[in-house]
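**Q** Need a 3D model of the following:
(one chain, ligands or ions: 1)
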Amino acid sequence: MSSKAAVATKAVHTHAASAAQQQPAHASVWPPLTEEFPYIYVNGQMLPKNKAMVSVYDHGLLYGDGIFEGIRIYNGKIFKLKQHMDRLYRCADQIRLKIPVDRDEMIAIQRECITRNNIPDGYIRLVVTRGYGGLGLDPRRCPTPAVICIADQIRLYAPEFYETGMRVIVANRPKTPVACLDPRIKSLNYLNNILAKCEAIDFGCDEVIMLNLDGFVTEGSGDNIFMVKGGTLYTPPSEDGILEGVTREFVKKDLCSALGLTCIEKHLRLDDLLTADEAFLTGTAAELIAVSQIDQHDGKGTITKATKIGHGEGPITKKLRMKFREIVTGPNVPEA
Ligand SMILES: Cc1ncc(COP(=O)(O)O)c(C=O)c1O
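**A** Just a heads-up that it's a prediction; the model follows:
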């Protein structure tokens, strides 16, 4: 091996080792990249995981130019499939991306991934990128968008947090303003959320609450937020800068009506949240999880305030979580 090649090889190994050092606590679930399973749909082909790749010239990689969906599979059914497809195709329109497969084909691709990999309960990640192109930004240089579908497993938070509730941190970094990049678009640009989440990770915490430039509560890095006060649920309106979560909608419509609860969309100040009786997060990956404590920090490494919310998981959050589980483990998992 030439000395240059040896240096390059060493650099690759050093990089891999440093990434490995940053693995989260549940790192043992990280699959090695040599694995064949699951088979992944990439641009019309079903490829083993270790061969499923896109071009390094793909604008999804070069610029975060693309969109995605995270979807749950429960009991072999694709939970709220219609809503996820509506959002995917709407987001594609919003970034002027023409998805090269129609909705029926997209649904067939997902079912094929589930069947091929035998995943009756799991998670689907759909990604549509602008496709490969030149090294410049110009999307006209990308002739064909790339379509990827992964069916696999996901776990965001430790299982015990679902019983006890979890501690979250308020990010100092504000949410990207709607006028700059509307958070309703589920785009491949998640750096704002990732950097906010890093603020939480710095304090040994798994999730963050983001405020917009007006100081209103928006959402977590990968989930929506609700609070309960005097028996009523409140959640921020989408214009405050949130993803219109499918799980949020399920809670607002299906779960609230099943349990006779009222949910109001309202601008929420941080103080509203800190004085709530209960708070919880919702998301496809997160499902429904209570917030038991909200910390604030000064941006210099010190927690300035820690506020307990109720006493762990509150009674209304528990009812909602139980109803959620009852539906997704039952025989009638809704695809619409
Ligand atoms: C920023 C953000 N907010 C909220 C959610 C929850 O949305 P959904 O319930 O559709 O998964 C997600 C899910 O990925 C998200 O990334």
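**Q** Okay, helices next: where are they in the chain?
**A** Counting by DSSP state H, the chain has helices at residues 3-21, 59-63, 81-94, 103-117, 161-164, 191-202, 246-250, 256-259, 270-274, 315-328.
**Q** any chance of those in JSON lines, with mean pLDDT, mean neighbour count and distance to the ligand too?
**A** From N, CA and C alone the C-beta is placed, and that goes for glycine too. Output for the helices of the chain, formatted as JSON lines (pLDDT from 0 to 100; neighbours: other CB atoms under 10 Å; distance: least, CB to the nearest ligand atom, whole Å):
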{"stretch": "helix 3-21", "mean pLDDT": "39", "mean neighbour count": "10", "distance to the ligand": "22"}
{"stretch": "helix 59-63", "mean pLDDT": "98", "mean neighbour count": "20", "distance to the ligand": "16"}
{"stretch": "helix 81-94", "mean pLDDT": "98", "mean neighbour count": "18", "distance to the ligand": "7"}
{"stretch": "helix 103-117", "mean pLDDT": "98", "mean neighbour count": "16", "distance to the ligand": "15"}
{"stretch": "helix 161-164", "mean pLDDT": "95", "mean neighbour count": "16", "distance to the ligand": "16"}
{"stretch": "helix 191-202", "mean pLDDT": "98", "mean neighbour count": "17", "distance to the ligand": "6"}
{"stretch": "helix 246-250", "mean pLDDT": "98", "mean neighbour count": "21", "distance to the ligand": "3"}
{"stretch": "helix 256-259", "mean pLDDT": "98", "mean neighbour count": "14", "distance to the ligand": "15"}
{"stretch": "helix 270-274", "mean pLDDT": "98", "mean neighbour count": "17", "distance to the ligand": "16"}
{"stretch": "helix 315-328", "mean pLDDT": "98", "mean neighbour count": "18", "distance to the ligand": "12"}
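**Q** Save these as TSV, and put in distance to Val42 too.
**A** TSV is the format used below for the helices of the chain (distance: least, CB to CB, whole Å):
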stretch	distance to Val42
helix 3-21	23
helix 59-63	12
helix 81-94	17
helix 103-117	10
helix 161-164	33
helix 191-202	24
helix 246-250	24
helix 256-259	39
helix 270-274	41
helix 315-328	29
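**Q** For this structure, give me the ranges with low pLDDT.
**A** Residue ranges of the chain with pLDDT under 70: 1-32.
**Q** ok, 90 please
**A** Counting by pLDDT under 90, the chain shows low-confidence ranges at 1-35.
**Q** Write out the residues of it neighbouring the ligand.
**A** 70, 193, 219, 222-224, 243, 245-248, 282-284 (CB under 6 Å from any ligand atom).
**Q** Out of the helices of the chain, flag the one nearest Leu33.
**A** Among the helices of the chain, helix 3-21 comes nearest to Leu33, with 9.6 Å by CB to CB.
**Q** Now for the residue nearest to Tyr162 when sequence neighbours are not counted: which residues touch it?
**A** The shortest distance from Tyr162 to any non-neighbouring residue, by CB to CB, 6 or more residues apart in numbering, is to Ile289 (5.6 Å). Neighbour list for Ile289: 157, 161-162, 165-166, 223, 280-281, 321 [criterion: CB atoms under 8 Å, 6 or more residues apart in numbering].
**Q** thought His84 was touching Phe68?
**A** No: at 10.5 Å, His84 does not count as touching Phe68 under the criterion of CB atoms under 8 Å.
**Q** How about exporting stretch 261-277 as PDB, limited to the C-alpha atoms?
**A** Extracted C-alpha coordinates of stretch 261-277, given in PDB (Å, rounded to 0.1, in the frame of the first residue of the first chain):
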ATOM      1  CA  LEU A 261     -61.300  15.700  26.100                       C
ATOM      2  CA  THR A 262     -61.000  19.200  24.500                       C
ATOM      3  CA  CYS A 263     -57.800  20.400  22.800                       C
ATOM      4  CA  ILE A 264     -57.200  24.000  21.900                       C
ATOM      5  CA  GLU A 265     -54.600  25.400  19.600                       C
ATOM      6  CA  LYS A 266     -53.100  28.400  21.200                       C
ATOM      7  CA  HIS A 267     -49.800  30.500  21.300                       C
ATOM      8  CA  LEU A 268     -48.000  29.200  24.300                       C
ATOM      9  CA  ARG A 269     -45.400  31.100  26.300                       C
ATOM     10  CA  LEU A 270     -42.700  29.200  28.100                       C
ATOM     11  CA  ASP A 271     -44.400  30.300  31.400                       C
ATOM     12  CA  ASP A 272     -47.600  28.600  30.300                       C
ATOM     13  CA  LEU A 273     -45.700  25.400  29.800                       C
ATOM     14  CA  LEU A 274     -43.800  25.700  33.100                       C
ATOM     15  CA  THR A 275     -47.000  26.200  35.000                       C
ATOM     16  CA  ALA A 276     -48.900  23.400  33.200                       C
ATOM     17  CA  ASP A 277     -50.400  20.500  35.100                       C
END
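**Q** What separation do you get for the residue nearest to Ile40 when sequence neighbours are not counted and the ligand?
**A** Leaving aside its chain neighbours, Ile40 sits nearest to Ala52 (3.8 Å; criterion: CB to CB, 6+ apart). To the ligand, Ala52 is 21 Å away according to CB to the nearest ligand atom, to the nearest Å.
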